[in-house]
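**Q** here is a sequence with its predicted model. Questions after.
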Amino acid sequence: MSNVSDVAMAAREVEEFVAAAGWDQPPQLFALVPTADILAEQPELAAQLNAEAALTPVAQDALPEAEDLGEALARITWPEAVRGCAICQEIVVLSPDAEESLPDDGDVARLQQAAAQHPERTEGRLVAAVSRDGTRACVLRLRGVAVDEDGEPVDELVEHPDLAPGLLDALAATFEP
């Protein structure tokens, strides 16, 4: 049984890992594997892993770039050793008022372009994580939404298990038979 804090800790670790490489990255998928299992099979990794963490994120192969993320996730299944999974993707965040000004004609590409060019947009990096037993966590880094004492932009981190319910549902479905 997974603990909410274990899944949330893994989501934060994924976000920190991806953040180290900067912005403008494609979506990245991670398996969440019990740290104890990894160390039992590969004790030489002890210096590289956080032995205090119940779950260790393991980066997976790149997702297909031209494919819809939901369709790509729908084809993924995990072996029993994987206790959870996480995905990190960059998103555009708009206020509800700004969303109302977007085109509503069903053209997804046009909608995405309008959101990306909207003057009130905020860029974000979202990590959604689920465990095999349904525990959920999300971490959202909002790019440059505050300023520090020197007037430099500062990112803000938001954590809540329900930030991306549809994405979390798609991740959870990767564990269904």
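**A** Now that the structure is in, tell me what you want to look at. Since this is a predicted model, take the numbers as computed values, not measurements.
**Q** just the helices in the protein please.
**A** Under the criterion DSSP state H, the chain carries helices at the ranges 4-19, 35-41, 69-74, 96-100, 108-117, 165-173.
**Q** quick one: which of those is nearest Glu90?
**A** Taking C-beta to C-beta, helix 4-19 is the member of those nearest to Glu90, at 9.2 Å. From N, CA and C alone the C-beta is placed, and that goes for glycine too.
**Q** which of the residues in that closest one are buried?
**A** Buried residues in helix 4-19, counted by 16 or more other C-beta atoms under 10 Å: Asp6, Val7, Ala8, Met9, Ala10, Ala11, Arg12, Glu13, Val14, Glu15, Val18, Ala19.
**Q** now swap in stretch 25-43 and tell me
**A** Using 16+ other C-beta under 10 Å as the burial criterion, the residues of stretch 25-43 that qualify are Pro27, Gln28, Leu29, Phe30, Ala31, Leu32, Val33, Pro34, Thr35, Ile38.
**Q** so what pLDDT did Thr35 get?
**A** According to the per-residue confidence, Thr35 scores 96 in pLDDT.
**Q** tell me how far it lies from Gly166.
**A** Thr35 sits 29 Å away from Gly166 when distances are taken as C-beta to C-beta, to the nearest Å.
**Q** now swap in Ala40 and tell me
**A** Taking C-beta to C-beta as the measure, Ala40 falls 36 Å from Gly166.
**Q** go on, Thr77?
**A** Here Thr77 is placed at a distance of 20 Å from Gly166 (C-beta to C-beta).
**Q** what of Gln113?
**A** Taken as C-beta to C-beta, the spacing of Gln113 relative to Gly166 amounts to 21 Å.
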